[in-house]
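In: A predicted structure for the sequence below; I have some questions about it.
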Amino acid sequence: MTQHNKSDTKETPRAARRKTGTYTIHDVANMAGVSSITVSRYFNSPDKVSAALRERLKEIVDSIGYVPSQVAGGLASGRGRVVCAVMQNIASTTFADLVKGMTDELQSSGLQLLLANAQYSKEQEEQAIRTFVGWHPSALILTRDDHTPASETILRGLNIPIVEAWGFVPQRPFHQVGFPHAEVGAVLAGHFLDQGCQRIQFVLPMASEDFRAKQRADGYASQMRKAGLKPDIQVATHADDFDVGEKWIESFAKAPKRSRPEAVIFSNDNMAAGAILHAPACGVALPRDCLMAGFGDAAISARLTPALTTVRPPRYQIGQHAARAILKLLNAEGENPADLVRDEFESELIVRESSRRR
(Lines give C-alpha, C1' and ligand atoms only; values in the text may rest on other atoms or scores of the structure.)
Protein backbone atom coordinates (compact mmCIF):
# COMPACT_ATOMS: atom_id res chain seq x y z
CA MET A 1 0.00 0.00 0.00
CA THR A 2 2.88 2.35 0.80
CA GLN A 3 4.52 1.66 -2.57
CA HIS A 4 1.21 2.29 -4.33
CA ASN A 5 0.91 5.80 -2.82
CA LYS A 6 4.54 6.57 -3.55
CA SER A 7 4.15 5.50 -7.17
CA ASP A 8 1.09 7.73 -7.60
CA THR A 9 2.97 10.71 -6.19
CA LYS A 10 5.77 10.33 -8.73
CA GLU A 11 3.73 9.44 -11.79
CA THR A 12 0.98 12.05 -11.77
CA PRO A 13 3.16 15.24 -11.68
CA ARG A 14 5.52 13.81 -14.31
CA ALA A 15 2.52 12.95 -16.53
CA ALA A 16 1.64 16.61 -17.00
CA ARG A 17 4.90 17.15 -18.98
CA ARG A 18 4.17 14.35 -21.42
CA LYS A 19 2.50 15.06 -24.77
CA THR A 20 -1.29 14.70 -24.64
CA GLY A 21 -2.51 11.66 -26.53
CA THR A 22 0.61 9.53 -25.97
CA TYR A 23 -0.72 7.85 -22.83
CA THR A 24 -2.21 4.39 -23.01
CA ILE A 25 -4.78 2.59 -20.91
CA HIS A 26 -1.87 0.72 -19.31
CA ASP A 27 -0.36 4.03 -18.12
CA VAL A 28 -3.64 4.97 -16.45
CA ALA A 29 -3.86 1.51 -14.86
CA ASN A 30 -0.30 1.79 -13.48
CA MET A 31 -0.97 5.22 -12.01
CA ALA A 32 -4.12 3.96 -10.29
CA GLY A 33 -2.60 0.67 -9.22
CA VAL A 34 -5.33 -1.35 -10.94
CA SER A 35 -5.57 -3.59 -14.00
CA SER A 36 -6.17 -2.33 -17.54
CA ILE A 37 -9.43 -4.28 -17.53
CA THR A 38 -10.64 -2.21 -14.57
CA VAL A 39 -9.81 1.03 -16.41
CA SER A 40 -11.63 -0.24 -19.48
CA ARG A 41 -14.63 -1.05 -17.30
CA TYR A 42 -14.51 2.49 -15.89
CA PHE A 43 -15.00 3.91 -19.40
CA ASN A 44 -17.40 1.31 -20.78
CA SER A 45 -19.48 0.34 -17.73
CA PRO A 46 -18.84 2.96 -15.03
CA ASP A 47 -21.67 1.62 -12.87
CA LYS A 48 -19.61 -1.56 -12.33
CA VAL A 49 -16.76 0.40 -10.70
CA SER A 50 -16.92 1.63 -7.12
CA ALA A 51 -17.55 5.33 -6.52
CA ALA A 52 -14.17 5.76 -4.80
CA LEU A 53 -12.29 4.18 -7.69
CA ARG A 54 -14.27 6.18 -10.23
CA GLU A 55 -13.21 9.37 -8.48
CA ARG A 56 -9.59 8.20 -8.36
CA LEU A 57 -9.54 7.31 -12.06
CA LYS A 58 -11.27 10.56 -12.98
CA GLU A 59 -8.55 12.57 -11.22
CA ILE A 60 -5.81 10.71 -13.11
CA VAL A 61 -7.56 10.90 -16.48
CA ASP A 62 -8.25 14.62 -16.05
CA SER A 63 -4.68 15.37 -14.95
CA ILE A 64 -3.07 13.74 -18.01
CA GLY A 65 -5.81 14.45 -20.55
CA TYR A 66 -6.18 10.79 -21.44
CA VAL A 67 -8.81 9.88 -24.06
CA PRO A 68 -9.58 6.20 -24.73
CA SER A 69 -9.10 5.06 -28.31
CA GLN A 70 -12.44 4.28 -29.94
CA VAL A 71 -10.60 2.57 -32.80
CA ALA A 72 -8.68 0.27 -30.46
CA GLY A 73 -11.84 -0.48 -28.51
CA GLY A 74 -13.69 -1.30 -31.71
CA LEU A 75 -10.95 -3.65 -32.89
CA ALA A 76 -10.88 -5.45 -29.56
CA SER A 77 -14.63 -5.96 -29.24
CA GLY A 78 -15.76 -5.75 -32.86
CA ARG A 79 -17.84 -2.70 -31.89
CA GLY A 80 -17.16 0.87 -30.89
CA ARG A 81 -18.73 2.43 -27.84
CA VAL A 82 -21.03 4.58 -29.95
CA VAL A 83 -24.68 4.56 -30.94
CA CYS A 84 -25.17 6.29 -34.29
CA ALA A 85 -28.41 8.04 -35.21
CA VAL A 86 -29.54 9.62 -38.48
CA MET A 87 -32.01 12.49 -38.05
CA GLN A 88 -34.09 13.88 -40.92
CA ASN A 89 -33.93 17.53 -39.82
CA ILE A 90 -31.73 18.08 -36.80
CA ALA A 91 -32.67 21.77 -36.62
CA SER A 92 -36.32 21.08 -35.85
CA THR A 93 -37.76 20.99 -32.34
CA THR A 94 -39.20 17.57 -33.10
CA PHE A 95 -35.86 15.92 -33.66
CA ALA A 96 -34.13 17.96 -30.94
CA ASP A 97 -36.52 16.46 -28.37
CA LEU A 98 -35.99 13.03 -29.89
CA VAL A 99 -32.21 13.39 -29.48
CA LYS A 100 -32.58 14.61 -25.88
CA GLY A 101 -34.57 11.48 -25.02
CA MET A 102 -31.85 9.28 -26.53
CA THR A 103 -29.03 11.18 -24.83
CA ASP A 104 -30.63 11.14 -21.39
CA GLU A 105 -31.23 7.39 -21.58
CA LEU A 106 -27.70 6.61 -22.78
CA GLN A 107 -25.99 9.00 -20.34
CA SER A 108 -24.97 6.46 -17.70
CA SER A 109 -24.34 3.56 -20.08
CA GLY A 110 -20.86 4.50 -21.29
CA LEU A 111 -22.21 4.77 -24.85
CA GLN A 112 -21.82 7.98 -26.85
CA LEU A 113 -24.45 9.19 -29.31
CA LEU A 114 -23.20 10.30 -32.75
CA LEU A 115 -25.61 12.17 -35.04
CA ALA A 116 -25.98 12.78 -38.76
CA ASN A 117 -28.46 15.03 -40.54
CA ALA A 118 -30.08 13.62 -43.69
CA GLN A 119 -32.30 16.62 -44.57
CA TYR A 120 -35.10 14.23 -45.60
CA SER A 121 -32.82 12.72 -48.28
CA LYS A 122 -32.57 8.94 -48.70
CA GLU A 123 -29.21 9.37 -50.42
CA GLN A 124 -27.77 11.46 -47.58
CA GLU A 125 -29.08 8.89 -45.12
CA GLU A 126 -27.31 6.13 -47.08
CA GLN A 127 -24.05 8.09 -46.99
CA ALA A 128 -24.39 8.55 -43.22
CA ILE A 129 -25.09 4.83 -42.72
CA ARG A 130 -22.00 3.90 -44.74
CA THR A 131 -19.84 6.27 -42.69
CA PHE A 132 -21.25 5.12 -39.38
CA VAL A 133 -20.79 1.44 -40.19
CA GLY A 134 -17.08 2.16 -40.62
CA TRP A 135 -17.01 3.15 -36.94
CA HIS A 136 -18.25 -0.32 -35.90
CA PRO A 137 -21.14 1.16 -33.87
CA SER A 138 -22.89 -0.74 -31.12
CA ALA A 139 -26.28 0.15 -32.64
CA LEU A 140 -28.05 2.33 -35.20
CA ILE A 141 -31.14 4.53 -34.79
CA LEU A 142 -32.83 5.65 -38.00
CA THR A 143 -35.76 8.04 -38.37
CA ARG A 144 -37.22 6.71 -41.60
CA ASP A 145 -38.21 3.28 -42.84
CA ASP A 146 -38.13 3.74 -46.63
CA HIS A 147 -34.37 3.47 -47.20
CA THR A 148 -32.56 3.15 -50.51
CA PRO A 149 -32.05 -0.44 -51.76
CA ALA A 150 -28.34 -0.13 -50.97
CA SER A 151 -29.10 0.99 -47.41
CA GLU A 152 -31.50 -1.93 -46.96
CA THR A 153 -28.78 -4.35 -48.07
CA ILE A 154 -26.25 -2.84 -45.66
CA LEU A 155 -28.67 -2.83 -42.74
CA ARG A 156 -29.79 -6.41 -43.25
CA GLY A 157 -26.14 -7.52 -43.21
CA LEU A 158 -25.33 -5.89 -39.86
CA ASN A 159 -25.26 -7.87 -36.65
CA ILE A 160 -26.17 -4.98 -34.35
CA PRO A 161 -29.47 -3.60 -33.01
CA ILE A 162 -31.18 -1.35 -35.57
CA VAL A 163 -34.12 0.75 -34.39
CA GLU A 164 -36.37 2.66 -36.77
CA ALA A 165 -37.78 5.43 -34.61
CA TRP A 166 -40.46 8.13 -35.00
CA GLY A 167 -42.78 6.21 -37.32
CA PHE A 168 -44.31 2.81 -36.69
CA VAL A 169 -44.45 0.16 -39.44
CA PRO A 170 -45.04 -3.30 -37.89
CA GLN A 171 -44.05 -5.34 -40.96
CA ARG A 172 -40.51 -3.97 -41.07
CA PRO A 173 -37.64 -6.39 -40.19
CA PHE A 174 -36.09 -3.95 -37.69
CA HIS A 175 -37.11 -2.76 -34.23
CA GLN A 176 -39.86 -0.11 -34.27
CA VAL A 177 -40.41 2.71 -31.77
CA GLY A 178 -42.89 5.41 -32.75
CA PHE A 179 -46.44 6.06 -33.88
CA PRO A 180 -48.41 5.58 -37.14
CA HIS A 181 -48.42 8.97 -38.88
CA ALA A 182 -51.35 8.09 -41.15
CA GLU A 183 -53.48 7.78 -38.04
CA VAL A 184 -52.66 11.39 -37.10
CA GLY A 185 -53.94 12.65 -40.46
CA ALA A 186 -57.13 10.63 -40.04
CA VAL A 187 -57.72 12.03 -36.54
CA LEU A 188 -57.31 15.64 -37.72
CA ALA A 189 -59.66 15.09 -40.67
CA GLY A 190 -62.17 13.44 -38.33
CA HIS A 191 -61.98 16.43 -35.97
CA PHE A 192 -63.20 18.75 -38.73
CA LEU A 193 -65.69 16.28 -40.21
CA ASP A 194 -67.31 15.95 -36.79
CA GLN A 195 -67.97 19.70 -36.88
CA GLY A 196 -69.75 19.45 -40.22
CA CYS A 197 -66.91 20.62 -42.47
CA GLN A 198 -66.87 19.24 -46.01
CA ARG A 199 -64.21 21.33 -47.78
CA ILE A 200 -61.09 20.33 -45.86
CA GLN A 201 -57.62 20.92 -47.29
CA PHE A 202 -54.24 19.41 -46.40
CA VAL A 203 -51.02 21.36 -47.11
CA LEU A 204 -47.78 19.43 -47.67
CA PRO A 205 -44.30 20.99 -47.41
CA MET A 206 -42.22 21.64 -50.50
CA ALA A 207 -39.63 19.04 -49.36
CA SER A 208 -40.64 16.14 -51.57
CA GLU A 209 -38.95 13.54 -49.36
CA ASP A 210 -40.74 14.46 -46.14
CA PHE A 211 -42.50 11.11 -46.33
CA ARG A 212 -43.88 11.35 -42.77
CA ALA A 213 -45.96 14.37 -43.83
CA LYS A 214 -47.13 12.35 -46.83
CA GLN A 215 -48.19 9.54 -44.51
CA ARG A 216 -50.31 12.00 -42.52
CA ALA A 217 -51.79 13.31 -45.79
CA ASP A 218 -52.63 9.73 -46.79
CA GLY A 219 -54.47 9.24 -43.50
CA TYR A 220 -56.40 12.47 -44.07
CA ALA A 221 -57.29 11.41 -47.64
CA SER A 222 -58.52 8.01 -46.49
CA GLN A 223 -60.77 9.60 -43.86
CA MET A 224 -62.18 12.03 -46.41
CA ARG A 225 -63.03 9.23 -48.84
CA LYS A 226 -64.71 7.28 -46.05
CA ALA A 227 -66.95 10.31 -45.55
CA GLY A 228 -67.75 10.38 -49.27
CA LEU A 229 -65.71 13.55 -49.84
CA LYS A 230 -62.90 14.37 -52.23
CA PRO A 231 -59.46 14.95 -50.65
CA ASP A 232 -57.78 18.28 -51.41
CA ILE A 233 -53.99 17.99 -50.96
CA GLN A 234 -51.84 21.00 -51.84
CA VAL A 235 -48.04 21.07 -52.07
CA ALA A 236 -46.25 24.23 -50.87
CA THR A 237 -44.16 26.23 -53.33
CA HIS A 238 -41.90 27.81 -50.70
CA ALA A 239 -39.20 26.16 -48.62
CA ASP A 240 -39.69 28.27 -45.48
CA ASP A 241 -42.64 27.02 -43.43
CA PHE A 242 -43.70 30.48 -42.22
CA ASP A 243 -43.66 31.74 -45.82
CA VAL A 244 -45.86 28.81 -46.80
CA GLY A 245 -48.47 29.89 -44.25
CA GLU A 246 -48.31 33.53 -45.34
CA LYS A 247 -48.76 32.71 -49.02
CA TRP A 248 -51.58 30.29 -48.21
CA ILE A 249 -53.61 32.87 -46.27
CA GLU A 250 -53.05 35.46 -49.01
CA SER A 251 -54.38 33.02 -51.59
CA PHE A 252 -57.28 32.11 -49.31
CA ALA A 253 -58.27 35.76 -48.90
CA LYS A 254 -58.42 36.27 -52.69
CA ALA A 255 -60.48 33.13 -53.40
CA PRO A 256 -64.29 33.30 -53.76
CA LYS A 257 -65.93 32.47 -50.45
CA ARG A 258 -67.94 29.61 -51.93
CA SER A 259 -64.76 27.79 -53.05
CA ARG A 260 -62.65 28.43 -49.97
CA PRO A 261 -61.80 25.48 -47.71
CA GLU A 262 -63.79 25.47 -44.51
CA ALA A 263 -60.82 23.97 -42.69
CA VAL A 264 -57.14 23.41 -43.39
CA ILE A 265 -54.61 20.97 -41.96
CA PHE A 266 -50.99 22.10 -42.23
CA SER A 267 -48.16 19.57 -42.17
CA ASN A 268 -46.57 21.36 -39.23
CA ASP A 269 -47.26 24.11 -36.73
CA ASN A 270 -44.87 26.65 -38.29
CA MET A 271 -46.91 26.68 -41.50
CA ALA A 272 -50.08 27.28 -39.51
CA ALA A 273 -48.36 29.98 -37.45
CA GLY A 274 -47.37 31.83 -40.61
CA ALA A 275 -51.00 31.82 -41.73
CA ILE A 276 -52.41 32.92 -38.36
CA LEU A 277 -49.89 35.73 -37.89
CA HIS A 278 -50.54 37.10 -41.40
CA ALA A 279 -54.33 36.66 -41.39
CA PRO A 280 -55.20 40.13 -39.94
CA ALA A 281 -53.21 41.84 -42.71
CA CYS A 282 -55.26 39.88 -45.26
CA GLY A 283 -58.58 40.75 -43.66
CA VAL A 284 -59.19 37.14 -42.63
CA ALA A 285 -60.81 36.46 -39.25
CA LEU A 286 -59.86 33.11 -37.72
CA PRO A 287 -61.49 30.78 -36.86
CA ARG A 288 -64.67 32.39 -38.26
CA ASP A 289 -63.53 32.31 -41.89
CA CYS A 290 -61.56 29.06 -41.72
CA LEU A 291 -60.76 26.43 -39.11
CA MET A 292 -57.12 25.47 -38.81
CA ALA A 293 -54.84 22.78 -37.34
CA GLY A 294 -51.16 21.86 -37.43
CA PHE A 295 -48.86 19.13 -36.21
CA GLY A 296 -46.06 19.03 -33.65
CA ASP A 297 -47.31 21.25 -30.80
CA ALA A 298 -44.49 23.76 -31.24
CA ALA A 299 -43.89 26.26 -28.42
CA ILE A 300 -45.53 29.06 -30.40
CA SER A 301 -48.77 27.15 -30.98
CA ALA A 302 -50.49 27.92 -27.67
CA ARG A 303 -49.35 31.57 -27.82
CA LEU A 304 -50.96 32.41 -31.15
CA THR A 305 -54.28 34.25 -31.51
CA PRO A 306 -56.27 32.15 -32.04
CA ALA A 307 -54.31 29.44 -30.25
CA LEU A 308 -53.53 26.60 -32.65
CA THR A 309 -55.11 23.18 -32.57
CA THR A 310 -52.40 20.61 -33.14
CA VAL A 311 -51.24 17.06 -32.47
CA ARG A 312 -48.63 16.51 -29.78
CA PRO A 313 -46.36 13.53 -30.56
CA PRO A 314 -44.39 11.95 -27.67
CA ARG A 315 -41.03 13.11 -29.06
CA TYR A 316 -38.91 12.76 -25.95
CA GLN A 317 -40.45 9.42 -24.96
CA ILE A 318 -39.82 7.94 -28.40
CA GLY A 319 -36.15 8.90 -28.26
CA GLN A 320 -35.91 7.57 -24.72
CA HIS A 321 -37.53 4.24 -25.60
CA ALA A 322 -35.42 3.84 -28.74
CA ALA A 323 -32.27 4.14 -26.63
CA ARG A 324 -33.77 1.94 -23.91
CA ALA A 325 -34.50 -0.77 -26.48
CA ILE A 326 -30.89 -0.66 -27.64
CA LEU A 327 -29.54 -1.00 -24.11
CA LYS A 328 -31.84 -3.94 -23.46
CA LEU A 329 -30.77 -5.65 -26.69
CA LEU A 330 -27.07 -5.08 -26.02
CA ASN A 331 -27.38 -6.44 -22.48
CA ALA A 332 -29.08 -9.54 -23.88
CA GLU A 333 -26.05 -10.34 -26.02
CA GLY A 334 -25.13 -14.01 -25.85
CA GLU A 335 -28.67 -15.03 -24.88
CA ASN A 336 -31.42 -16.24 -27.20
CA PRO A 337 -32.27 -13.65 -29.88
CA ALA A 338 -34.87 -11.23 -28.58
CA ASP A 339 -38.17 -10.69 -30.38
CA LEU A 340 -38.41 -7.54 -32.45
CA VAL A 341 -39.20 -4.50 -30.32
CA ARG A 342 -42.58 -3.02 -31.16
CA ASP A 343 -43.17 0.10 -29.04
CA GLU A 344 -46.21 1.91 -30.43
CA PHE A 345 -47.11 5.28 -28.94
CA GLU A 346 -50.22 7.44 -29.16
CA SER A 347 -50.17 11.10 -30.12
CA GLU A 348 -52.49 13.58 -28.41
CA LEU A 349 -54.94 15.85 -30.20
CA ILE A 350 -54.74 19.27 -28.54
CA VAL A 351 -57.92 21.17 -29.39
CA ARG A 352 -57.62 24.96 -29.17
CA GLU A 353 -59.51 27.98 -30.48
CA SER A 354 -58.29 27.79 -34.11
CA SER A 355 -60.42 24.72 -34.86
CA ARG A 356 -63.59 25.51 -32.92
CA ARG A 357 -66.63 26.53 -34.91
CA ARG A 358 -68.57 29.33 -33.32
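Out: Okay, I see it.
In: now S222. Nearest residue, chain neighbours left out?
Out: In space, and not counting its chain neighbours, S222 is closest to A186: 6.2 Å by Cβ to Cβ, 6 or more residues apart in numbering. Every C-beta, even on glycine, is put in place using the N, C-alpha and C of the backbone.
In: tell me how many other residues crowd that neighbour.
Out: By the criterion of other Cβ atoms under 10 Å, A186 has 20 neighbours.
In: what comes into contact with the helix or strand where it lies?
Out: Using DSSP states H and E, A186 falls within helix 181-193. Helix 181-193 is contacted from outside by 167, 200, 202, 212-213, 215-224, 227, 229, 262-263, 265, 291, 293, 295, 309, 311, 313, 347, 349, 351, 355, using Cβ atoms under 8 Å, 6 or more residues apart in numbering.
In: hang on, the earlier thing: look up how far A253 lies from the residue nearest to S222.
Out: 29 Å (Cβ to Cβ, to the nearest Å).
In: can you check D145 too?
Out: Between D145 and A253 the computed distance is 39 Å (Cβ to Cβ).
In: what's the answer for S45, then?
Out: S45 is 62 Å from A253, where distance means Cβ to Cβ.
In: so between the two, which is more surrounded?
Out: Using other Cβ under 10 Å as the criterion, S45 and A253 rank with A253 on top: 16 against 13.
In: can you tell me the SS state at the more buried one?
Out: Following DSSP: H, G, I helix; E, B strand; the rest coil, we place A253 in the helix state.
In: quick revisit: report the buried members of the contacts of helix 181-193.
Out: 167, 200, 202, 212-213, 215-224, 229, 262-263, 265, 291, 293, 295, 309, 311, 313, 347, 349, 355 (16 or more other Cβ atoms under 10 Å).
In: just how off-centre is whichever helix or strand comes after the helix holding A186 within its chain?
Out: Later in the chain than helix 181-193, the nearest helix or strand by DSSP H and E is strand 200-204. Taking the mean C-alpha point of strand 200-204 and that of its whole chain, the gap between them comes to 25 Å (Cα atoms, centre = their mean, to the nearest Å).
In: from the chain's centre, how far out does the helix holding A186 sit?
Out: On the basis of Cα atoms, centre = their mean, helix 181-193 sits 23 Å off its chain's mean C-alpha point.
In: with stretch 315-335 instead?
Out: 14 Å.
In: residue ranges of the helices in the chain, please?
Out: Using DSSP state H, the helices found in the chain span residues 2-15, 25-32, 36-44, 51-64, 70-77, 93-106, 122-133, 149-156, 181-193, 211-226, 241-254, 269-278, 315-331.
In: the residue nearest to R156 when sequence neighbours are not counted: neighbouring residues, count only.
Out: Take R156 and drop its neighbours on the chain: the residue closest to it by Cβ to Cβ, 6+ apart is P173, 7.0 Å away. For P173, the count of nearby residues is 11 (other Cβ under 10 Å).
In: how far away is P173 from D297?
Out: 32 Å.
In: over to S151?
Out: Counting by Cβ to Cβ - S151 and D297 are separated by 31 Å.
In: same deal with A29?
Out: 50 Å.
In: R303 too?
Out: Taken as Cβ to Cβ, the span from R303 to D297 is 12 Å.
In: and the two? Which one has more around it.
Out: Set R303 next to D297 and count neighbours by other Cβ under 10 Å: D297 wins out with 21 against 10.
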